[in-house]
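Novice: This is a predicted model, with the sequence first.
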Amino acid sequence: MTNGRRVERVAALIRREMSQLLVNGIRDERIHLGMVTITNVEVSGDLQHCKVFVSIYGEENHKNTVMTCLQTASGFLRGELGRNLQLRRAPEIVFLLDRGMEKGASVLNILDRLNKERRANEEGSSEITK
């Protein structure tokens, strides 16, 4: 049980530090083509592997460019994590695109459109009954 809590703590530390590094640490301008948000970090039980889920707001071609840039910078980020968090061995980092926020926004748009259609139908039917 304690090992699980340690993994969660390390994941939270990695998420915080990775956010800082994305804002201040990477000088590659391609990362700033889209707004990058770290949505989740999963660390393996032995702390050797780390999956960083990112959401990128922007055009589709910019998303691909940003993901390529993140994968390219993973070695640099791994070294910085190891130094800043003082880990004995920094985990291998893999970036994965999280499309959850996009799906949530599209669902909200659909619900909004359906709500407008329902109101329009209610107004149309109330005029007919008059």
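Specialist: Yep, that arrived.
Novice: just for the protein, where's the confidence low?
Specialist: Along the chain, segments meeting pLDDT under 70 span 1-2, 126-130.
Novice: same thing but at 80, please
Specialist: Applying pLDDT under 80 to the chain flags the ranges 1-3, 25, 28, 32-34, 58, 99-105, 123-130.
Novice: Show me the domain layout of it.
Specialist: Listed by automatic domain parsing, the domain ranges of the chain are 2-98, 100-130.
Novice: Just checking the distance from the last one to the centre of its chain.
Specialist: Okay, so that is domain 100-130. 30 Å (C-alpha atoms, centre = their mean, to the nearest Å).
Novice: ok, P91 - contacts?
Specialist: I14, V43, S44, L47, Q48, H49, C50, R78, L81 (C-beta atoms under 8 Å, 6 or more residues apart in numbering). Where you see a C-beta, it was placed from the backbone N, CA and C, and this is true even at glycine.
Novice: So what touches stretch 27-44?
Specialist: Where contact means C-beta under 8 Å, 6+ apart, the residues beyond stretch 27-44 that reach it are 7, 10-12, 14-15, 18-19, 22, 49-59, 62-63, 65-66, 68-70, 72-73, 91, 98, 100-101.
Novice: Please compute how far it lies from its chain's middle.
Specialist: 7 Å.
Novice: Same check on stretch 90-105?
Specialist: Counting by C-alpha atoms, centre = their mean, stretch 90-105 is centred 4 Å from the centre of its parent chain.
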